[in-house]
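**Q** Provided below for reference: sequence and predicted model.
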Protein chains: 2
Amino acid sequence: MSKQLPPEILELIADRFRILAEPARLRILNTLMLGERTVSDLVQDTGLNQANVSKHLGVLRASGFVDRRKEGLYAFYSIADPSVEVLCEIMCGRLEVQAHEQSAILAGSS
Amino acid sequence: MSKQLPPEILELIADRFRILAEPARLRILNTLMLGERTVSDLVQDTGLNQANVSKHLGVLRASGFVDRRKEGLYAFYSIADPSVEVLCEIMCGRLEVQAHEQSAILAGSS
DNA sequence: ACACTGTATGATCACATAGTAATATAAGGA
DNA sequence: TCCTTATATTACTATGTGATCATACAGTGT
């Protein structure tokens, strides 16, 4: 536990965190958790424009978070890295903890 | 599982990922996993300059990842959010999986 | 061959932020 | 009080990248 990691590894980890540090990409991933979707589906779902969605999908694919399957004119994207969901759940859980602490502080100071 | 999250929540999650998307901050956190450290300790350990370390610590503290305890001239920082370690481990595990896949591909194509 | 649709790819702009130097603040000692 | 040390902050620059527009590319049908 808590072993010291060399700077090169920490850079790679930071790179992966950076991919997820974007609301638009999280929206896309969150939709993909429901199952495979085409680019057009995601454009509809997120309200982002097509170029933007395509670019985010490119980033997500290059970093191995999603997979692509081409079929005719369509490109079907899907989650390739199941850890995404776990990561978001942890972050979410932490948000709830902090929200609790804040309301506790507010309640205490009143 | 895999519930749809509203955009506001995803923005908060993205904010937290962004905090961790920095090699320098991960270096600091990784050192703090060994225990409480002063700013000077961290400057020594990371090789970053003092202003830079202070600024990163400020960001980490504002987002609740670390705590501060002042004692005389010194400021002792420590991990406040234990989930950091888990998050890094997951990312690390995923890096290993990808490394394996890549070497498998290379071996197969030879 | 042409037209149409879905997706990907530049080029550009705007903005956020990491790093750094200089300086400010705060605490302790002579 | 003055000096020194530890930490925080401010101002600035440079770099990275998200959003957008326009356009290119690929597959399908006529």
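**A** Yep, it's here. Numbering: from 1, shown residues only, chains lettered A, B, ... in the order given.

**Q** All the helices of chain A, in order from the start?
**A** A:7-20, A:23-32, A:39-46, A:50-62, A:83-109 (DSSP state H).

**Q** I'd like to know which of those lies nearest to B:R27.
**A** helix A:7-20 (5.8 Å; CB to CB). C-beta here means a position set from N, CA and C on the backbone, and glycine is covered the same way.

**Q** Show me which positions of that closest one end up buried.
**A** A:I9, A:L10, A:L12, A:I13, A:A14, A:R16, A:F17, A:R18, A:I19, A:L20 (16 or more other CB atoms under 10 Å in any protein chain shown).

**Q** Surely A:R69 and A:S78 touch.
**A** Yes: contact between A:R69 and A:S78 holds when scored by CB atoms under 8 Å: they sit 7.3 Å apart.

**Q** what's the overlap in contacts for these two?
**A** By CB atoms under 8 Å, 6 or more residues apart in numbering or on different chains, A:R69 and A:S78 have these common neighbours: A:E36.

**Q** Once you drop chain neighbours, what's closest to the most centrally placed residue in chain A?
**A** Geometric centre of chain A, nearest residue: A:L26, 3.6 Å, by CA atoms, centre = their mean. The shortest distance from A:L26 to any non-neighbouring residue, by CB to CB, 6 or more residues apart in numbering or on different chains, is to B:L10 (4.3 Å).

**Q** Compute the distance between A:G108 and A:E101, please.
**A** Distance, A:G108 to A:E101, by CB to CB, to the nearest Å: 10 Å.

**Q** For chain A, what lies in contact range of DNA strand C?
**A** For chain A, the contact set with DNA strand C under CB under 7 Å from any atom of the strand comprises A:38-40, A:43, A:50-51, A:54-55, A:57-58, A:68, A:73-75.

**Q** which one of the residues you listed has the most neighbours?
**A** Each of those was scored for neighbours by other CB atoms under 10 Å in any protein chain shown, and A:L57 scores highest at 21 neighbours.

**Q** Skipping its backbone neighbours, what lies nearest it in space?
**A** A:Y77 (5.7 Å).

**Q** In contact with the one you found, which residues?
**A** A:Y77 is in contact with A:32, A:36-39, A:42, A:57, A:60-61, A:66-69, counting by CB under 8 Å, 6+ apart.

**Q** mind redoing it with 7 Å?
**A** A:L32, A:E36, A:R37, A:L57, A:V66, A:D67, A:R68 (CB atoms under 7 Å, 6 or more residues apart in numbering or on different chains).

**Q** hang on, the second one packs against A:I79?
**A** Same thing as A:E36. No: under the criterion of CB atoms under 7 Å, A:E36 makes no contact with A:I79, lying 8.8 Å away.

**Q** Now do stretch A:97-109: everything it contacts.
**A** Residues outside stretch A:97-109 that contact it (CB under 7 Å, 6+ apart): B:G64.

**Q** mind exporting that stretch as CSV, just the C-alpha atoms?
**A** Extracted in CSV, the C-alpha atoms of stretch A:97-109 (Å, rounded to 0.1, in the frame of the first residue of the first chain):
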residue,chain,number,x,y,z
VAL,A,97,-19.3,13.4,2.0
GLN,A,98,-18.1,17.0,1.5
ALA,A,99,-21.7,18.2,1.1
HIS,A,100,-22.6,16.5,4.4
GLU,A,101,-19.6,18.1,6.2
GLN,A,102,-20.5,21.5,4.9
SER,A,103,-24.1,21.3,6.1
ALA,A,104,-22.9,20.0,9.4
ILE,A,105,-20.6,23.0,9.7
LEU,A,106,-23.4,25.3,8.7
ALA,A,107,-25.7,23.7,11.2
GLY,A,108,-23.0,23.9,13.9
SER,A,109,-22.3,27.6,13.4
